[in-house]
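Engineer: Sequence and predicted structure, then a few things I'm wondering about:
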Amino acid sequence: GSGQAVPLVVESCIRFINLHGLQHEGIFRVPGSQAQVAEIRNAFEKGEDPLADGFMQHDLDSVAGVLKLYFRGLEKPLFPSDIVPELLATAQLESSAERISHLRGLVSRLPATVLVVLRYLFAFLNHLSQYSDENMMDPHNLAVCFGPTLVTVPAGQDAVSVQPHINEVVKCLIVHHEAIFPGTGQLSGPQYEKVMALAEEEY
């Protein structure tokens, strides 16, 4: 089969940003309109794709907000709490090579359903960071937005001291996503593509 799927809300929001927002300043940092975020979310929850038409009446910051809220609201976070301590330990490793190899081992323990989504998301964030001259969102700035969104600080730990380590690890995942996540040979399923098209244009 074609392997596991990426949820529609993830694929659609990422496609919209890929098509219209790679150079949008402050993407993921600037909050969108709460009303628009709610409207877009509700449509996805009904199984619709409100962004498929590609109309630019959707505000980029709101679309980015929908994506962040989706990950933040997951009942089972993509990085389950039992691997978070080891995720945090990565930040203590000295070399980039050690970090990459440690993270590769960690992510390989995640279910394929989760890995497909993470691989897709981090390939996109890496691509987005390549436009940081225009969008002001380098891997560090993106990690500051996505660290708290993707990883929950372990219970009983001080968020203020732990968060920078989480962000450091998320930054490493953004920068080195190709070395960390399994390729198509090891994991089937949708891959993020730098050049995306709107659904209608494929016919």
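Structural biologist: Okay, I see it.
Engineer: For burial, what's the neighbour tally of the spatially closest residue to Q92 that is not a sequence neighbour?
Structural biologist: With C-beta to C-beta, 6 or more residues apart in numbering as the measure, H165 is the residue that lies nearest to Q92, at 8.0 Å, once sequence neighbours are left out. In short, each C-beta sits where N, CA and C put it, glycine included. When neighbours are defined as other C-beta atoms under 10 Å, H165 has 19 of them.
Engineer: likewise Q92?
Structural biologist: Count around Q92 with other C-beta under 10 Å applied: 11.
Engineer: What helix or strand is it located in?
Structural biologist: Using DSSP states H and E, Q92 sits in no helix or strand.
Engineer: then the host helix or strand of V10 to CSV, C-alphas only?
Structural biologist: Using DSSP H and E, V10 maps to helix 8-20. In CSV, the C-alpha atoms belonging to helix 8-20 read as follows (Å, rounded to 0.1, in the frame of the first residue of the first chain):
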residue,chain,number,x,y,z
LEU,A,8,-5.7,16.4,5.9
VAL,A,9,-5.3,19.5,8.1
VAL,A,10,-1.5,19.1,8.2
GLU,A,11,-1.2,18.5,4.5
SER,A,12,-3.5,21.3,3.5
CYS,A,13,-2.1,24.0,5.9
ILE,A,14,1.4,23.1,4.8
ARG,A,15,0.5,23.2,1.1
PHE,A,16,-1.2,26.6,1.6
ILE,A,17,1.9,28.0,3.3
ASN,A,18,4.2,26.4,0.7
LEU,A,19,2.2,28.0,-2.1
HIS,A,20,1.6,31.5,-0.6
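Engineer: Show me which residues of the helix or strand following that helix are buried.
Structural biologist: Sequence-wise, the next helix or strand downstream of helix 8-20 (DSSP H and E) is helix 34-45. Buried residues in helix 34-45, defined by neighbour count with 16 or more other C-beta atoms under 10 Å: Q36, V37, I40, R41, A43, F44.
Engineer: and these as a markdown table, adding distance to V114 and pLDDT?
Structural biologist: Converted to a markdown table, these look like this (distance: C-beta to C-beta, whole Å; pLDDT from 0 to 100):
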| residue | distance to V114 | pLDDT |
| --- | --- | --- |
| Q36 | 28 | 95 |
| V37 | 24 | 96 |
| I40 | 24 | 96 |
| R41 | 21 | 96 |
| A43 | 25 | 95 |
| F44 | 19 | 95 |
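Engineer: Pick the one among these closest to F16.
Structural biologist: Distance to F16, by C-beta to C-beta, is smallest for I40 among the buried residues of helix 34-45, at 9.6 Å.
Engineer: residues in contact with the closest one?
Structural biologist: I40 is in contact with P50, L51, H58, S62, V63, V66, counting by C-beta atoms under 8 Å, 6 or more residues apart in numbering.
Engineer: now the nearest residue to the last one once chain neighbours are set aside: how far from S108?
Structural biologist: Translated: V66. Nearest residue to V66 in three dimensions, chain neighbours excluded: I40, at 4.9 Å (C-beta to C-beta, 6+ apart). Distance from I40 to S108, counting by C-beta to C-beta, to the nearest Å: 34 Å.
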